[in-house]
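1. Build me a model from this:
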Amino acid sequence: MPTPRLIAFDLDDTLAPSKSAIDPRMGALLVELAERVEVAIISGGQLQQFQVQVVDNLPAASDAVRDALHLLPTCGTQYYRLTADGIGTVYAHRLTDDEKARALAAVEEEARRLELWESETWGDILEDRGSQITFSALGQSAPLAAKIAWDPTGAKKNALREAVAARIPDLEVRSGGSTSVDITHRGIDKAYGMRQLSEQTGIPLDDMLFVGDRLDPDGNDYPVLAMGVTCHAVDGWEDTAAFLTDLIPRLPVRV
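-> Residues are numbered from 1 along each chain as shown. Have a look, this model is predicted:
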């Protein structure tokens with residue numbers, strides 16, 4: 001592909017292990033990359049997750065480098081930039097109180113009906129992220145090994161997604177992480193986030209590259225591939241680090 005002007009990343013299992021801080025090596029690579037191109041992170045997680053996992057663990061960087069970082073929590077329904085004063089809001093499209101109430105009721109009732117409501121969890125099962133309601137079967141802080149063991153084939157999560165979608169057809173219900181289901185306004189997925197990036201930055205989608213670990217048809221990164229954006233599949237943050245180590249020296253530093 002031609003040299004990308006913007007490279008976007010999934011977060012969990014692409015830049016860092018699920019719900020974990022980025023490794024110092026990844027932080028250094030992201031800063032090096034932002035010296036050359038615009039860098040975006042798009043995830044179903046909320047802003048606090050971006051801050052704790054990424055922003056707080058970046059090495060010292062110039063204002064120009066920080067200005068090249070774009071944060072899109074909840075798949076792009078919120079958009080933030082790093083500023084001298086902290087994190088600045090570009091926009092945040094939130095669910096109404098009625099939409100939140102119906103989403104919370106539907107996902108809890110269907111999870112209980114399908115016997116997917118666990119009694120022993122690590123943190124809250126349901127989370128109001130403003131523009132997104134998220135169901136996490138084992139809680140927000142569940143260890144990775146437990147999450148992998150809970151639904152290795154994705155069958156439980158997909159069954160819940162289908163049941164909830166039938167209950168609230170005016171909202172979007174999609175698979176999130178390894179044990180999660182996300183509910184947003186219709187038409188919201190990572191492809192939406194990429195379109196917002198293009199609109200806000202003026203960079204055409206053809207000049208972007210997306211890096212993610214779930215580009216398979218059932219994965220939450222797949223909508224980006226399906227919309228025609230050039231994508232690179234990885235298997236964990238170490239794979240991403242190896243890819244960037246090879247790519248960065250071939251990208252010119254911005255003048």
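2. Tell me which stretches of the stretch 51-200 of the chain form strands.
-> 69-72, 78-83, 86-92, 126-128, 133-136, 171-175, 180-185 (DSSP state E, counting those that start in this stretch).
3. Let's have those strands in a markdown table, adding distance to residue 117.
-> The C-beta positions use only the backbone N, C-alpha and C, and glycine is treated the same way. Formatted as a markdown table, the strands of the stretch 51-200 of the chain follow (distance: least, C-beta to C-beta, whole Å):
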| stretch | distance to residue 117 |
| --- | --- |
| strand 69-72 | 30 |
| strand 78-83 | 28 |
| strand 86-92 | 30 |
| strand 126-128 | 10 |
| strand 133-136 | 9 |
| strand 171-175 | 17 |
| strand 180-185 | 12 |
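4. Those strands: which one's closest to residue 146?
-> strand 133-136 (11.3 Å; C-beta to C-beta).
5. need the contact list for residue 27.
-> By C-beta atoms under 8 Å, 6 or more residues apart in numbering, the contact list for residue 27 reads 54, 57-59.
6. Quick check on these: which are buried?
-> Neighbour counting by 16 or more other C-beta atoms under 10 Å classes 54, 57-58 among these as buried.
7. could I get those as a markdown table with distance to residue 32 and pLDDT?
-> Shown next, in a markdown table, are these (distance: C-beta to C-beta, whole Å; pLDDT from 0 to 100):
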| residue | distance to residue 32 | pLDDT |
| --- | --- | --- |
| 54 | 15 | 97 |
| 57 | 15 | 96 |
| 58 | 11 | 95 |
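8. ok, the residues you listed vs residue 126, which is closest?
-> Closest to residue 126, out of all of those and judged by C-beta to C-beta, is residue 54, at 24.4 Å.
9. list the contacts for the residue lying closest to the closest one once chain neighbours are set aside?
-> Closest residue in space to residue 54, ignoring its immediate chain neighbours: residue 22 at 5.5 Å, by C-beta to C-beta, 6 or more residues apart in numbering. Counting by C-beta under 8 Å, 6+ apart, residue 22 touches 15-16, 30, 53-54, 57, 237.
10. Just among these, which is most surrounded?
-> residue 15 (29 neighbours; other C-beta atoms under 10 Å).
11. quick check, nearest of the contacts of residue 22 to residue 95?
-> Using C-beta to C-beta, the contacts of residue 22 come closest to residue 95 at residue 53, 23.5 Å.
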